[in-house]
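Enquirer: Output the structure for:
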Amino acid sequence: LSVLNQKLDLLSSETNQGLIALETIAQQLSNQETVEAISQVLSEAMIRDFECLQASVHLVDEQQTMLVRVAQVGESRETPPEKLVVGDQFTGRITADLLALPNPAAIDIEPVIEPSSLGRGIEMVCPLVAGQRVVGMLHTVLPEELGRFYLYNRAPQTLAHHAAVAIHALQMEPGG
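Expert: Numbers count the residues shown, from 1 in each chain. Modelled structure (predicted):
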């Protein structure tokens, strides 16, 4: 029982730290003044607070045919290309699927995972959806042992949503 209690204490502490990080990062995202700064804060947080091996933010261009990388932190070998055609590779396929929906904001947005192309963990794509449209994608690579835990797959999706709302708000500003 003491071993079990110790493990529960560790889990509780980890969850509390994750919730505090979630709140802090969400606030930081909403305080940024550029799309690039929002993307950088989100990518850095995924590495620092959620133990990702790689994190990058990719925005959908105006024609909705291309994803353009705005920020990247961590192992570059695991990162989708700087420009990625919608429909290509894992991140592009998820984007194409969402863009094909008549109202992507009407569904319950979930992160999508698959084994990493280099076999180093789990690739996870968290859609950035706001204002009834697909804004972009957060791409991360998690160590395999963390990918199954709620904190490590739902917190990034929640932060992706915060980032999408902040990016959408900036894009809606005159000259944005």
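
Enquirer: average model confidence for the helix or strand residue 55 falls within?
Expert: Element membership for residue 55 (DSSP states H and E) is strand 54-60. Per-residue pLDDT values across strand 54-60 average out to 97.

Enquirer: Please identify the buried residues of it?
Expert: Neighbour-count burial for strand 54-60, counted by 16 or more other CB atoms under 10 Å, picks out 54-60. Heads up, the C-betas are built off the backbone N, CA and C, glycines and all.

Enquirer: on contacts alone, who are the packing partners of that strand?
Expert: In terms of contacts (3 or more CB pairs under 8 Å, 6 or more residues apart in numbering; DSSP states H and E), strand 54-60 is packed against helix 35-50, strand 66-74, helix 89-99, strand 133-142.

Enquirer: Bridging across strands, which residues link to residue 129?
Expert: Beta-bridge partners for residue 129, by DSSP bridges, are residue 134.

Enquirer: With residue 102 as the reference, measure out to the most centrally placed residue in the chain.
Expert: The residue lying closest to the centre of the chain (CA atoms, centre = their mean) is residue 138, at 3.2 Å. Noted for residue 138: a distance of 23 Å to residue 102, by CB to CB, to the nearest Å.

Enquirer: Residue ranges in the chain under the pLDDT threshold?
Expert: Judged by pLDDT under 70, the chain has its weakly predicted residues at 1-18, 148, 150, 174-176.

Enquirer: one more time with 50, if that's ok
Expert: Residues of the chain that meet the criterion pLDDT under 50 are absent altogether.

Enquirer: Touching, residue 90 and residue 123? I think so.
Expert: Yes. Between residue 90 and residue 123 there is a contact under CB atoms under 8 Å: 5.8 Å.

Enquirer: tell me, what's touching the two both at once?
Expert: Shared contacts of residue 90 and residue 123 (CB atoms under 8 Å, 6 or more residues apart in numbering): 114, 117, 139.

Enquirer: Skip the chain neighbours and tell me the closest residue to the second one.
Expert: Pointing back at residue 117 there. The shortest distance from residue 117 to any non-neighbouring residue, by CB to CB, 6 or more residues apart in numbering, is to residue 123 (7.0 Å).
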